[in-house]
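*Asks:* How does the following fold in three dimensions:
(one chain, ligands or ions: 1)
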Amino acid sequence: MADYPLMNQLLFEGKHKEVEQMTRDALEEGLPVREVLEDGLIAGMRVVGEDFRFNRIFVPEVLLAARAMKAGMEVLRPLLTVREDGADAQSFDIIVMGTVKGDLHDIGKNLVGMMAEGAGFQIVDLGTNTSAEEFIEAVKEHKACILGMSALLTTTMVYMKTVVDAVRAANVDVKICVGGAPLSHEFAEKIGADGYAADAASAVRLFKRLVGTEETAS
Ligand code: B1M
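*Replies:* Purely as a prediction, here's the structure:
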């Protein structure tokens, strides 16, 4: 049985090699990938966020924890990105994804990208600090059907409206989805986005709904 509290603690301490190894061990034990992600990695990062908020830790410690989180995510990547239906990569709907201008947080965006890949989408990842022009250019170049934006700061989430306005002004036919910790449905609606998702699993459901491939509820 995986010791998730220990894994959370090691992530908190930024012990990336140990987190990577514990992630591997958990998978080898046959534990569900979503459980390892949620209980082993995301739960640890949640504590980091709390302590950061109350100035009990600072940017250098958070950077180390982020490195440990990413090390664990890399182990999970092949399982998160493998297509659920085993289909060929050529026919994928394309999603252009990026963290908005001024914002360097990319862990959540990467997770959404991995899970969307696993659900059959092809991801064009623009990374962080992405401008409206870069989003538009990439959507046009890759003929994307969805533009996904992430923001983790209250100061950068407002840039999403700049992107939405620029996309509409350029008459680009693409659905715009937004996400990130400080956002809400209300915010997404206010800026004119086509959808908001609070986490990676609901982001994938949203993407499927927008391209019309959502499974019917059973
Ligand atoms: Co930053 N940081 N940070 N940080 N950081 C937050 C966001 C903060 C809430 C911490 C806090 O105070 N508690 C706070 C923001 C406060 C605010 O704006 N109200 C903050 C701050 C202040 C800052 C700096 C300004 C600190 C400073 O320099 N003084 C600075 C800004 C730098 C910049 O961007 N310009 C900064 C820097 C950093 C690091 C570089 C050290 C590091 C980022 C490393 C990296 O990403 N490569 C970092 C981190 C790690 C965090 C916290 C601790 C963790 C974020 C994270 O990765 N969470 C964060 C605290 C927190 O969020 N509670 C914090 C795990 C991840 C899986 O969750 O990203 O929420 P999340 O993604 C979720 C959902 O939000 C959603 O799905 C994901 C998976 O479930 N989602 C989408 C995300 N994007 C989506 C897109 C979608 C759909 C869903 O559709 C397209």
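
*Asks:* only C-alpha atoms for contact and neighbour calcs from this point on.
*Replies:* Fine.

*Asks:* What residues sit buried inside stretch 150-167?
*Replies:* The neighbour-count check on stretch 150-167 (16 or more other C-alpha atoms under 10 Å) flags 150-153, 156-157, 159-161, 163-167 as buried.

*Asks:* Next: stretch 197-217.
*Replies:* Of all the residues in stretch 197-217, those buried under the rule 16+ other C-alpha under 10 Å are Ala197, Ala200, Ala203, Val204, Arg205, Leu206, Phe207, Lys208, Leu210.

*Asks:* you'd agree Met160 is up against Lys190?
*Replies:* No. Assessed by C-alpha atoms under 8 Å, Met160 is found out of contact with Lys190, at 10.7 Å.

*Asks:* sorry, back to before: the buried residues of stretch 197-217: which ones sit near the ligand?
*Replies:* The subset of these lying close to the ligand, counting by C-alpha under 6 Å from any ligand atom, consists of Ala197, Ala200, Ala203.

*Asks:* any chance of those in a markdown table, with secondary structure too?
*Replies:* Listed next are those as a markdown table, based on DSSP: H, G, I helix; E, B strand; the rest coil:
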| residue | secondary structure |
| --- | --- |
| Ala197 | strand |
| Ala200 | helix |
| Ala203 | helix |
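
*Asks:* list the helices and strands the helix or strand harbouring Pro78 packs on?
*Replies:* Assigning secondary structure by DSSP states H and E places Pro78 in helix 59-81. Identification of packing neighbours for helix 59-81 by 3 or more C-alpha pairs under 8 Å, 6 or more residues apart in numbering; DSSP states H and E yields helix 4-12, helix 16-28, helix 33-35, helix 43-53, helix 107-118.

*Asks:* Now do the contacts for the residue nearest to Val204 when sequence neighbours are not counted.
*Replies:* Distances taken as C-alpha to C-alpha, 6 or more residues apart in numbering put Ala116 closest to Val204, at 5.4 Å, once the chain neighbours are dropped. By C-alpha atoms under 8 Å, 6 or more residues apart in numbering, the residues touching Ala116 are Thr81, Gln122, Ile123, Ala203, Val204, Phe207.

*Asks:* how close does Ala116 sit to Ile95?
*Replies:* As defined by C-alpha to C-alpha, to the nearest Å, Ala116 lies at a distance of 9 Å from Ile95.

*Asks:* for the ligand, what are the nearby residues on this protein?
*Replies:* Counting by C-alpha under 6 Å from any ligand atom, the chain sits next to the ligand at 42, 45-46, 48-50, 52-53, 59, 62-63, 66, 102-109, 111-112, 148-150, 152-155, 177-181, 197-200, 203.

*Asks:* Thanks a lot, see you next time.
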